[in-house]
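1. pasting the sequence and the predicted model now:
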Amino acid sequence: MALSANERARYRRHLSLPEIGPAGQQRLKNTRVLVVGTGGLGCPAALYLAAAGIGTLGLVDFDRVELSNLQRQVLFGTEDLGQLKVEVARERLLALNPDIEVLVHALTLRADNVCEVIEDYDIVLDGSDRLSTRYLINDACVLLGRPLVTAAIHRFEGQAMTYIPGLGPCYRCLFPQIEEGAVASCAEAGVLGVLPGVLGTLQANEAIKIAAGIGAPLVGRLLSYDALELRFTELPISRRDDCLVCGEHPDITAPRDIGPVCDSATLTARRLSAIGLRDLLASAGPPLVLIDVREPREFAAEHLQGARNIPLRELESRLAECAGHGDPVFLCRSGRRSLLACAIALRGGIAAPGHLEGGLLAWAAEVDADFEVASD
Amino acid sequence: MSCTVHIPSPLRSYTAGAHRVPADGATLEEVLASLEGRFTGIRFRIVDEQSHIRPHIRFYVNAREAQELCAPVGAGDAVHVICALTGG
Ligand SMILES: [Zn+2]
(Lines give C-alpha, C1' and ligand atoms only; values in the text may rest on other atoms or scores of the structure.)
Protein backbone atom coordinates (compact mmCIF):
# COMPACT_ATOMS: atom_id res chain seq x y z
CA MET A 1 0.00 0.00 0.00
CA ALA A 2 1.31 3.49 -0.89
CA LEU A 3 2.19 6.03 1.80
CA SER A 4 -0.76 8.06 3.08
CA ALA A 5 -0.66 11.86 3.43
CA ASN A 6 -0.27 11.33 7.15
CA GLU A 7 2.66 8.98 6.64
CA ARG A 8 4.31 11.37 4.21
CA ALA A 9 4.14 14.03 6.91
CA ARG A 10 5.42 11.69 9.61
CA TYR A 11 8.41 10.51 7.58
CA ARG A 12 9.23 13.88 5.98
CA ARG A 13 12.83 13.87 7.27
CA HIS A 14 13.36 10.44 5.69
CA LEU A 15 11.68 11.48 2.47
CA SER A 16 14.11 14.42 2.21
CA LEU A 17 17.05 12.05 2.21
CA PRO A 18 17.83 11.06 -1.39
CA GLU A 19 19.15 7.71 -0.07
CA ILE A 20 15.72 6.88 1.35
CA GLY A 21 13.03 9.04 -0.27
CA PRO A 22 9.51 7.73 -0.97
CA ALA A 23 10.76 4.47 -2.48
CA GLY A 24 13.00 3.70 0.50
CA GLN A 25 10.27 4.60 2.98
CA GLN A 26 7.92 2.29 1.13
CA ARG A 27 10.52 -0.47 1.49
CA LEU A 28 10.69 0.14 5.24
CA LYS A 29 6.91 -0.11 5.38
CA ASN A 30 6.97 -3.41 3.53
CA THR A 31 9.66 -4.88 5.79
CA ARG A 32 9.00 -7.24 8.68
CA VAL A 33 11.60 -7.18 11.46
CA LEU A 34 11.75 -9.60 14.38
CA VAL A 35 13.33 -8.35 17.61
CA VAL A 36 14.34 -11.23 19.89
CA GLY A 37 14.41 -10.07 23.49
CA THR A 38 12.73 -6.85 24.59
CA GLY A 39 15.47 -6.12 27.09
CA GLY A 40 18.28 -3.61 27.14
CA LEU A 41 19.04 -4.03 23.42
CA GLY A 42 15.55 -4.80 22.14
CA CYS A 43 13.84 -1.77 23.71
CA PRO A 44 15.84 1.00 22.00
CA ALA A 45 16.04 -1.02 18.78
CA ALA A 46 12.26 -1.49 18.65
CA LEU A 47 11.63 2.18 19.46
CA TYR A 48 13.74 3.37 16.54
CA LEU A 49 12.38 0.75 14.16
CA ALA A 50 8.81 1.75 15.03
CA ALA A 51 9.61 5.44 14.69
CA ALA A 52 11.30 4.80 11.34
CA GLY A 53 8.18 3.17 9.97
CA ILE A 54 9.21 -0.49 9.73
CA GLY A 55 5.79 -1.84 8.73
CA THR A 56 5.70 -4.97 10.87
CA LEU A 57 7.60 -5.50 14.10
CA GLY A 58 7.66 -8.83 15.89
CA LEU A 59 8.70 -9.00 19.54
CA VAL A 60 9.86 -12.18 21.29
CA ASP A 61 10.09 -12.25 25.07
CA PHE A 62 8.64 -14.37 27.81
CA ASP A 63 9.60 -12.12 30.74
CA ARG A 64 7.61 -9.67 32.80
CA VAL A 65 8.77 -6.17 33.71
CA GLU A 66 10.85 -5.98 36.89
CA LEU A 67 12.05 -2.91 38.74
CA SER A 68 15.70 -3.66 37.96
CA ASN A 69 14.87 -3.58 34.20
CA LEU A 70 13.97 0.09 34.23
CA GLN A 71 17.58 1.29 34.50
CA ARG A 72 18.01 0.45 30.79
CA GLN A 73 14.83 -1.02 29.25
CA VAL A 74 13.37 2.24 28.02
CA LEU A 75 10.03 0.92 26.74
CA PHE A 76 8.78 0.28 30.28
CA GLY A 77 7.66 2.48 33.14
CA THR A 78 7.19 2.03 36.86
CA GLU A 79 3.47 1.39 36.39
CA ASP A 80 4.26 -1.61 34.16
CA LEU A 81 5.87 -3.77 36.86
CA GLY A 82 4.67 -7.35 36.63
CA GLN A 83 3.23 -6.95 33.12
CA LEU A 84 4.34 -9.05 30.16
CA LYS A 85 7.12 -7.14 28.44
CA VAL A 86 5.89 -7.79 24.91
CA GLU A 87 2.39 -6.52 25.73
CA VAL A 88 3.64 -3.29 27.29
CA ALA A 89 6.11 -2.84 24.45
CA ARG A 90 3.40 -3.31 21.85
CA GLU A 91 1.26 -0.62 23.47
CA ARG A 92 4.18 1.85 23.65
CA LEU A 93 5.26 1.25 20.08
CA LEU A 94 1.74 1.65 18.72
CA ALA A 95 1.36 4.87 20.71
CA LEU A 96 4.52 6.10 19.03
CA ASN A 97 3.41 4.96 15.57
CA PRO A 98 -0.14 3.67 15.01
CA ASP A 99 0.58 3.10 11.31
CA ILE A 100 2.68 0.00 11.96
CA GLU A 101 1.76 -3.49 13.05
CA VAL A 102 3.30 -5.03 16.18
CA LEU A 103 3.09 -8.79 16.68
CA VAL A 104 3.96 -10.36 20.01
CA HIS A 105 5.48 -13.77 20.69
CA ALA A 106 5.40 -14.36 24.45
CA LEU A 107 7.51 -17.47 24.29
CA THR A 108 11.01 -18.85 24.62
CA LEU A 109 12.68 -19.75 21.34
CA ARG A 110 13.54 -23.43 21.10
CA ALA A 111 14.67 -25.74 18.36
CA ASP A 112 11.08 -26.78 17.68
CA ASN A 113 9.61 -23.28 17.27
CA VAL A 114 12.44 -21.00 16.14
CA CYS A 115 11.96 -21.54 12.39
CA GLU A 116 8.20 -21.13 12.61
CA VAL A 117 8.67 -17.72 14.28
CA ILE A 118 11.55 -16.46 12.17
CA GLU A 119 10.30 -17.47 8.74
CA ASP A 120 7.54 -14.84 8.84
CA TYR A 121 10.12 -12.04 9.03
CA ASP A 122 12.63 -10.48 6.65
CA ILE A 123 15.29 -9.39 9.15
CA VAL A 124 16.11 -10.61 12.67
CA LEU A 125 17.66 -8.60 15.52
CA ASP A 126 19.17 -10.63 18.33
CA GLY A 127 19.05 -8.93 21.70
CA SER A 128 18.71 -12.10 23.74
CA ASP A 129 20.70 -12.68 26.89
CA ARG A 130 21.66 -16.32 26.54
CA LEU A 131 24.34 -17.92 24.43
CA SER A 132 22.14 -20.91 23.74
CA THR A 133 19.50 -18.61 22.22
CA ARG A 134 22.16 -16.74 20.23
CA TYR A 135 23.29 -19.97 18.57
CA LEU A 136 19.72 -21.08 17.98
CA ILE A 137 18.84 -17.79 16.25
CA ASN A 138 22.06 -17.75 14.24
CA ASP A 139 21.50 -21.28 13.00
CA ALA A 140 17.86 -20.62 12.11
CA CYS A 141 18.79 -17.43 10.21
CA VAL A 142 21.50 -19.24 8.25
CA LEU A 143 19.18 -22.15 7.45
CA LEU A 144 16.27 -19.88 6.46
CA GLY A 145 18.45 -17.31 4.69
CA ARG A 146 17.50 -14.34 6.86
CA PRO A 147 19.79 -11.39 7.65
CA LEU A 148 20.69 -11.25 11.34
CA VAL A 149 21.92 -8.26 13.30
CA THR A 150 23.40 -9.44 16.55
CA ALA A 151 24.68 -7.48 19.55
CA ALA A 152 25.76 -8.37 23.07
CA ILE A 153 26.84 -6.45 26.14
CA HIS A 154 28.84 -6.93 29.33
CA ARG A 155 29.44 -4.24 31.99
CA PHE A 156 30.89 -1.38 29.88
CA GLU A 157 31.60 -3.28 26.66
CA GLY A 158 29.44 -4.13 23.68
CA GLN A 159 29.81 -6.06 20.42
CA ALA A 160 27.81 -6.05 17.21
CA MET A 161 27.95 -7.84 13.88
CA THR A 162 25.63 -8.41 10.95
CA TYR A 163 25.14 -11.63 9.01
CA ILE A 164 23.76 -11.45 5.50
CA PRO A 165 23.23 -14.79 3.75
CA GLY A 166 25.81 -15.42 1.08
CA LEU A 167 27.73 -12.24 1.88
CA GLY A 168 29.86 -13.03 4.90
CA PRO A 169 30.48 -14.92 8.12
CA CYS A 170 27.84 -15.95 10.66
CA TYR A 171 28.07 -15.86 14.45
CA ARG A 172 29.40 -19.43 14.50
CA CYS A 173 32.19 -18.41 12.13
CA LEU A 174 33.27 -16.01 14.87
CA PHE A 175 32.68 -18.22 17.91
CA PRO A 176 32.18 -21.78 16.59
CA GLN A 177 30.63 -23.24 19.71
CA ILE A 178 30.55 -23.10 23.43
CA GLU A 179 30.51 -26.41 25.21
CA GLU A 180 27.29 -27.71 26.59
CA GLY A 181 26.36 -27.55 30.22
CA ALA A 182 23.33 -27.28 32.37
CA VAL A 183 23.12 -24.48 34.84
CA ALA A 184 19.93 -22.91 36.07
CA SER A 185 20.73 -19.30 36.61
CA CYS A 186 23.55 -16.99 35.73
CA ALA A 187 25.44 -14.56 37.88
CA GLU A 188 24.79 -10.92 37.13
CA ALA A 189 27.86 -9.05 36.05
CA GLY A 190 26.13 -5.69 35.89
CA VAL A 191 25.79 -3.36 32.93
CA LEU A 192 25.94 0.38 32.37
CA GLY A 193 22.34 1.35 31.57
CA VAL A 194 23.13 3.44 28.52
CA LEU A 195 25.39 0.79 26.95
CA PRO A 196 22.57 -1.32 25.42
CA GLY A 197 21.07 1.97 24.23
CA VAL A 198 24.14 2.50 22.04
CA LEU A 199 24.27 -1.10 20.77
CA GLY A 200 20.50 -1.51 20.32
CA THR A 201 20.39 1.70 18.31
CA LEU A 202 23.21 0.40 16.13
CA GLN A 203 21.16 -2.75 15.52
CA ALA A 204 18.18 -0.63 14.44
CA ASN A 205 20.52 1.34 12.18
CA GLU A 206 21.67 -1.88 10.51
CA ALA A 207 18.12 -3.20 10.05
CA ILE A 208 16.96 0.08 8.50
CA LYS A 209 19.91 0.09 6.09
CA ILE A 210 19.24 -3.50 5.06
CA ALA A 211 15.52 -2.81 4.64
CA ALA A 212 16.13 0.33 2.56
CA GLY A 213 18.98 -1.32 0.63
CA ILE A 214 21.48 1.42 1.41
CA GLY A 215 25.00 1.71 2.83
CA ALA A 216 27.49 -0.95 3.81
CA PRO A 217 26.31 -3.43 6.44
CA LEU A 218 28.50 -4.55 9.35
CA VAL A 219 29.33 -7.78 7.54
CA GLY A 220 32.68 -9.50 8.06
CA ARG A 221 33.50 -7.03 10.81
CA LEU A 222 33.09 -7.26 14.56
CA LEU A 223 32.41 -3.88 16.10
CA SER A 224 33.56 -3.66 19.69
CA TYR A 225 32.57 -0.68 21.83
CA ASP A 226 34.21 0.36 25.07
CA ALA A 227 31.94 2.82 26.86
CA LEU A 228 34.45 3.76 29.57
CA GLU A 229 37.08 4.87 27.09
CA LEU A 230 34.54 5.73 24.39
CA ARG A 231 36.35 3.75 21.80
CA PHE A 232 34.98 1.79 18.84
CA THR A 233 37.25 -0.96 17.52
CA GLU A 234 36.57 -2.88 14.33
CA LEU A 235 38.07 -6.31 13.74
CA PRO A 236 37.74 -8.43 10.60
CA ILE A 237 35.94 -11.78 10.74
CA SER A 238 36.27 -14.32 7.96
CA ARG A 239 33.79 -16.90 6.86
CA ARG A 240 35.00 -20.34 7.88
CA ASP A 241 34.78 -23.08 5.29
CA ASP A 242 34.42 -25.51 8.19
CA CYS A 243 31.66 -23.51 9.92
CA LEU A 244 29.20 -25.94 11.50
CA VAL A 245 26.20 -24.21 9.97
CA CYS A 246 27.26 -21.96 7.05
CA GLY A 247 30.36 -23.92 5.96
CA GLU A 248 30.92 -26.15 2.95
CA HIS A 249 29.80 -29.30 4.74
CA PRO A 250 27.50 -28.13 7.49
CA ASP A 251 26.91 -30.35 10.47
CA ILE A 252 23.84 -28.45 11.56
CA THR A 253 20.98 -28.85 9.10
CA ALA A 254 18.15 -28.11 11.54
CA PRO A 255 18.11 -25.95 14.68
CA ARG A 256 19.00 -27.85 17.81
CA ASP A 257 18.68 -27.05 21.47
CA ILE A 258 22.00 -26.98 23.23
CA GLY A 259 20.39 -26.99 26.64
CA PRO A 260 20.27 -24.30 29.25
CA VAL A 261 23.89 -23.30 29.06
CA CYS A 262 24.94 -21.08 31.89
CA ASP A 263 26.72 -18.36 30.09
CA SER A 264 28.75 -17.02 32.95
CA ALA A 265 29.86 -20.40 34.27
CA THR A 266 30.51 -21.73 30.80
CA LEU A 267 32.65 -18.75 29.95
CA THR A 268 34.53 -18.44 33.20
CA ALA A 269 34.90 -21.90 34.71
CA ARG A 270 38.36 -23.44 34.32
CA ARG A 271 37.90 -26.58 32.29
CA LEU A 272 40.23 -29.46 32.94
CA SER A 273 40.49 -32.51 30.78
CA ALA A 274 41.19 -35.81 32.50
CA ILE A 275 44.77 -35.75 31.18
CA GLY A 276 45.14 -32.13 32.24
CA LEU A 277 43.95 -32.94 35.75
CA ARG A 278 46.30 -35.95 35.96
CA ASP A 279 49.25 -33.75 35.00
CA LEU A 280 48.24 -31.07 37.49
CA LEU A 281 47.96 -33.65 40.26
CA ALA A 282 51.38 -35.03 39.37
CA SER A 283 53.06 -31.62 39.24
CA ALA A 284 55.07 -30.32 42.16
CA GLY A 285 53.00 -27.30 43.36
CA PRO A 286 50.71 -27.18 46.39
CA PRO A 287 47.89 -29.74 46.44
CA LEU A 288 44.74 -28.95 44.44
CA VAL A 289 41.50 -28.43 46.30
CA LEU A 290 39.40 -31.25 44.85
CA ILE A 291 35.71 -31.18 45.71
CA ASP A 292 33.61 -34.14 44.63
CA VAL A 293 29.99 -32.95 44.33
CA ARG A 294 28.43 -36.38 43.84
CA GLU A 295 26.16 -38.03 46.38
CA PRO A 296 27.88 -39.72 49.38
CA ARG A 297 26.88 -43.15 47.99
CA GLU A 298 28.67 -42.48 44.71
CA PHE A 299 31.66 -40.99 46.52
CA ALA A 300 31.92 -44.08 48.73
CA ALA A 301 32.21 -46.42 45.73
CA GLU A 302 35.46 -44.79 44.63
CA HIS A 303 36.89 -41.30 44.56
CA LEU A 304 40.09 -39.53 43.64
CA GLN A 305 42.73 -39.46 46.33
CA GLY A 306 42.56 -36.21 48.29
CA ALA A 307 39.06 -35.32 47.06
CA ARG A 308 36.50 -34.15 49.59
CA ASN A 309 32.80 -34.83 49.28
CA ILE A 310 30.31 -31.96 49.33
CA PRO A 311 27.14 -33.04 47.49
CA LEU A 312 25.96 -30.43 45.01
CA ARG A 313 22.72 -29.80 46.93
CA GLU A 314 24.75 -28.74 49.98
CA LEU A 315 27.40 -26.76 48.15
CA GLU A 316 25.86 -23.33 48.47
CA SER A 317 25.76 -23.50 52.26
CA ARG A 318 29.15 -25.22 52.56
CA LEU A 319 31.10 -23.08 50.11
CA ALA A 320 33.45 -21.90 52.87
CA GLU A 321 34.73 -25.50 53.14
CA CYS A 322 36.17 -25.19 49.64
CA ALA A 323 38.88 -22.82 50.90
CA GLY A 324 42.43 -23.92 50.35
CA HIS A 325 45.43 -23.05 48.28
CA GLY A 326 43.90 -21.81 45.04
CA ASP A 327 40.37 -22.13 43.82
CA PRO A 328 38.60 -25.48 43.97
CA VAL A 329 38.27 -28.01 41.16
CA PHE A 330 34.88 -29.73 41.18
CA LEU A 331 34.36 -33.33 40.17
CA CYS A 332 31.28 -35.38 39.40
CA ARG A 333 30.28 -38.35 37.29
CA SER A 334 29.76 -36.71 33.88
CA GLY A 335 30.82 -33.07 34.25
CA ARG A 336 27.27 -31.78 34.42
CA ARG A 337 26.99 -31.33 38.20
CA SER A 338 30.54 -29.99 38.42
CA LEU A 339 29.68 -27.21 35.95
CA LEU A 340 26.65 -26.36 38.09
CA ALA A 341 29.02 -26.30 41.05
CA CYS A 342 31.22 -23.78 39.22
CA ALA A 343 28.21 -21.51 38.75
CA ILE A 344 27.39 -21.74 42.46
CA ALA A 345 31.03 -21.02 43.34
CA LEU A 346 31.14 -18.03 40.97
CA ARG A 347 28.00 -16.62 42.57
CA GLY A 348 29.63 -17.17 45.95
CA GLY A 349 32.61 -15.04 44.97
CA ILE A 350 35.16 -17.71 44.04
CA ALA A 351 36.99 -16.13 41.10
CA ALA A 352 38.20 -19.11 39.10
CA PRO A 353 36.54 -22.41 40.01
CA GLY A 354 37.45 -25.34 37.81
CA HIS A 355 35.83 -28.59 36.87
CA LEU A 356 36.72 -31.87 35.25
CA GLU A 357 35.20 -31.90 31.79
CA GLY A 358 33.50 -35.17 31.07
CA GLY A 359 33.68 -35.98 34.77
CA LEU A 360 35.06 -39.11 36.34
CA LEU A 361 33.75 -41.08 33.38
CA ALA A 362 36.40 -39.28 31.32
CA TRP A 363 38.94 -40.00 34.06
CA ALA A 364 38.11 -43.70 33.85
CA ALA A 365 38.27 -43.63 30.06
CA GLU A 366 41.48 -41.66 29.66
CA VAL A 367 43.54 -42.03 32.82
CA ASP A 368 42.55 -44.92 35.06
CA ALA A 369 40.60 -47.78 33.52
CA ASP A 370 40.24 -49.40 36.96
CA PHE A 371 38.44 -46.44 38.45
CA GLU A 372 34.92 -47.47 39.33
CA VAL A 373 32.36 -44.74 38.57
CA ALA A 374 29.15 -45.41 40.48
CA SER A 375 25.90 -44.81 38.63
CA ASP A 376 24.13 -41.62 39.65
CA MET B 1 59.82 -6.34 23.13
CA SER B 2 56.75 -4.70 24.48
CA CYS B 3 53.26 -4.73 23.03
CA THR B 4 49.89 -3.51 24.26
CA VAL B 5 47.23 -6.07 25.06
CA HIS B 6 43.59 -4.99 24.98
CA ILE B 7 41.74 -6.91 27.69
CA PRO B 8 38.06 -7.83 27.12
CA SER B 9 35.51 -6.84 29.72
CA PRO B 10 35.04 -10.35 31.22
CA LEU B 11 38.79 -10.62 31.97
CA ARG B 12 39.35 -7.20 33.49
CA SER B 13 38.81 -8.59 36.97
CA TYR B 14 42.33 -10.01 36.56
CA THR B 15 43.90 -6.71 35.51
CA ALA B 16 42.43 -4.59 38.30
CA GLY B 17 40.05 -3.11 35.73
CA ALA B 18 42.77 -2.09 33.26
CA HIS B 19 41.56 -2.05 29.64
CA ARG B 20 45.05 -2.11 28.14
CA VAL B 21 48.18 -3.55 29.66
CA PRO B 22 51.76 -3.73 28.37
CA ALA B 23 53.25 -7.19 27.90
CA ASP B 24 56.49 -8.68 26.61
CA GLY B 25 57.05 -11.47 24.15
CA ALA B 26 57.86 -12.27 20.54
CA THR B 27 54.86 -14.62 20.12
CA LEU B 28 51.35 -14.74 21.51
CA GLU B 29 52.43 -17.64 23.73
CA GLU B 30 55.16 -15.48 25.27
CA VAL B 31 52.80 -12.53 25.60
CA LEU B 32 50.38 -14.77 27.50
CA ALA B 33 53.18 -15.96 29.77
CA SER B 34 54.10 -12.34 30.42
CA LEU B 35 50.48 -11.55 31.31
CA GLU B 36 50.25 -14.59 33.55
CA GLY B 37 53.36 -13.42 35.42
CA ARG B 38 51.54 -10.27 36.47
CA PHE B 39 47.89 -11.40 36.52
CA THR B 40 47.78 -14.91 37.91
CA GLY B 41 45.05 -17.06 36.40
CA ILE B 42 44.36 -14.97 33.31
CA ARG B 43 46.09 -17.37 30.91
CA PHE B 44 43.83 -20.23 31.83
CA ARG B 45 40.79 -18.14 30.98
CA ILE B 46 42.16 -17.65 27.46
CA VAL B 47 43.68 -21.04 26.61
CA ASP B 48 42.99 -24.52 27.97
CA GLU B 49 45.52 -26.87 29.52
CA GLN B 50 46.36 -28.26 26.08
CA SER B 51 47.24 -24.68 25.06
CA HIS B 52 44.33 -24.45 22.65
CA ILE B 53 42.72 -21.04 22.33
CA ARG B 54 39.31 -21.38 23.96
CA PRO B 55 36.37 -21.36 21.51
CA HIS B 56 34.88 -18.13 22.86
CA ILE B 57 38.19 -16.25 22.51
CA ARG B 58 39.71 -14.65 19.39
CA PHE B 59 43.14 -13.04 19.06
CA TYR B 60 44.05 -10.17 16.78
CA VAL B 61 47.51 -8.71 16.30
CA ASN B 62 47.30 -5.25 14.75
CA ALA B 63 43.70 -6.02 13.72
CA ARG B 64 44.69 -9.23 11.88
CA GLU B 65 43.38 -12.44 13.28
CA ALA B 66 45.97 -14.78 14.81
CA GLN B 67 44.71 -18.36 15.11
CA GLU B 68 47.82 -19.93 16.63
CA LEU B 69 49.74 -19.10 19.78
CA CYS B 70 52.98 -19.19 17.78
CA ALA B 71 51.87 -16.07 15.86
CA PRO B 72 54.60 -13.43 16.02
CA VAL B 73 54.16 -10.24 17.99
CA GLY B 74 56.41 -7.23 17.43
CA ALA B 75 57.37 -4.26 19.55
CA GLY B 76 54.60 -1.70 19.60
CA ASP B 77 51.98 -4.14 18.28
CA ALA B 78 48.39 -4.00 19.49
CA VAL B 79 47.05 -7.37 20.61
CA HIS B 80 43.27 -7.60 20.96
CA VAL B 81 41.78 -10.41 22.98
CA ILE B 82 38.12 -10.71 21.99
CA CYS B 83 35.76 -12.66 24.23
CA ALA B 84 32.18 -13.66 23.38
CA LEU B 85 29.69 -11.55 25.31
CA THR B 86 26.23 -12.80 26.15
CA GLY B 87 24.25 -10.00 27.76
CA GLY B 88 21.26 -8.39 26.14
ZN1 LIG C 1 29.28 -19.58 9.82
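-> Arrived safely, thanks for sending. Remember, predicted model here, so these are calculated numbers, not experimental data.
2. where do the strands sit along the chain?
-> I'll assume chain A. A:32-36, A:56-60, A:101-105, A:123-126, A:148-154, A:157-163, A:221-226, A:231-236, A:270-272, A:290-292, A:308-309, A:329-331, A:354-356 (DSSP state E).
3. ah, no, chain B please
-> Along chain B, counting by DSSP E, strands occupy B:2-6, B:20-24, B:57-61, B:64-66, B:78-83.
4. thinking again about what came up before, what's the least confident stretch among the strands of chain A?
-> The minimum mean pLDDT among the strands of chain A belongs to strand A:270-272 (a mean of 81).
5. what helices and strands are in contact with that one?
-> Secondary-structure packing of strand A:270-272 (3 or more CB pairs under 8 Å, 6 or more residues apart in numbering or on different chains; DSSP states H and E): strand A:354-356. C-betas here are computed from N, CA, C, even on glycine.
6. what distance separates the strand it packs on from the centre of its chain?
-> Here strand A:354-356 is found 23 Å from its chain centre; the criterion is CA atoms, centre = their mean, to the nearest Å.
7. need the pLDDT of the closest residue in space to A:Val293 that isn't next to it in sequence.
-> Setting aside the residues directly before and after it, A:Val293 is nearest to A:Leu312 in space (CB to CB, 6 or more residues apart in numbering or on different chains), at 4.3 Å. Note on A:Leu312: pLDDT of 93.
8. what residues does A:Leu312 make contact with?
-> Taking CB atoms under 8 Å, 6 or more residues apart in numbering or on different chains, we find A:Leu312 in contact with A:Val293, A:Arg294, A:Cys332, A:Arg337, A:Leu340, A:Ala341, A:Ile344.
9. which one is the second one nearest to, not counting chain neighbours?
-> Pointing back at A:Arg294 there. A:Cys332 (5.2 Å).
10. repeat for A:Pro22
-> Using CB to CB, 6+ apart, the closest residue to A:Pro22 is A:Leu15 (5.9 Å).
11. now the residue in chain B positioned nearest to the ion. Its backbone dihedrals?
-> Proximity to the ion, evaluated over chain B using CB to the ion, is greatest for B:Pro55 at 13.3 Å. Per-residue torsions, B:Pro55: phi -70, psi -10 (degrees, to the nearest 10).
12. so, low pLDDT: which residues of chain B?
-> For chain B, the stretches with pLDDT under 70 are B:1.
13. close to the ion: what parts of it are there?
-> On the criterion CB under 5 Å from the ion, the ion has no neighbours in chain B.
14. what's the burial count for residue 68?
-> By default, I'm working from chain A. Using other CB atoms under 10 Å in any protein chain shown, A:Ser68 is surrounded by 9 other residues.
15. could you do chain B instead?
-> Using other CB under 10 Å, B:Glu68 has 12 neighbouring residues.
16. so what's the residue nearest to B:Ala63 when sequence neighbours are not counted up against?
-> Spatial nearest neighbour of B:Ala63, excluding adjacent residues (CB to CB, 6+ apart): A:Leu235 at 5.8 Å. Counting by CB under 8 Å, 6+ apart, A:Leu235 touches A:Arg221, A:Leu222, A:Ser224, B:Arg58, B:Tyr60, B:Ala63, B:Glu65, B:His80, B:Ile82.
17. pull out the buried members of the residues you listed.
-> Among the contacts of A:Leu235, those scoring as buried are A:Arg221, A:Leu222, A:Ser224, B:Arg58, B:Tyr60, B:His80, B:Ile82 (criterion: 16 or more other CB atoms under 10 Å in any protein chain shown).
18. adding distance to A:Arg130, write these out as a markdown table.
-> Shown next, in a markdown table, are the buried ones among the contacts of A:Leu235 (distance: CB to CB, whole Å):
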| residue | distance to A:Arg130 |
| --- | --- |
| A:Arg221 | 24 |
| A:Leu222 | 20 |
| A:Ser224 | 20 |
| B:Arg58 | 20 |
| B:Tyr60 | 26 |
| B:His80 | 25 |
| B:Ile82 | 19 |
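19. these two touch, right, A:Glu101 and A:Gly53?
-> No. A:Glu101 lies out of contact with A:Gly53 (CB atoms under 8 Å); the separation is 11.4 Å.
20. the more surrounded of these two?
-> Between A:Glu101 and A:Gly53, A:Gly53 has the larger neighbour count (other CB under 10 Å), namely 23 against 14.
21. look up the closest residue to the more buried one, ignoring the ones flanking it.
-> The nearest residue in space to A:Gly53 (CB to CB, 6+ apart) is A:Leu28, at 4.9 Å.
22. identify the residues contacting residue 28.
-> Just going to use chain A. A:His14, A:Ile20, A:Ala52, A:Gly53, A:Ile54, A:Gly55, A:Ile208, A:Ala211, A:Ala212.
23. wrong one, chain B
-> Contacts of B:Leu28 (CB under 8 Å, 6+ apart): B:Phe59, B:Val61, B:Ala66, B:Glu68, B:Leu69, B:Cys70, B:Ala71, B:Val73, B:Val79.
24. over to B:Glu68?
-> B:Leu28.
25. now do A:Thr38
-> Here A:Thr38 is in contact with A:Ala46, A:Leu59, A:Val60, A:Asp61, A:Asp63, A:Gln73, A:Leu75, A:Lys85, A:Val86, A:Ala89, A:Gly127 (criterion: CB under 8 Å, 6+ apart).
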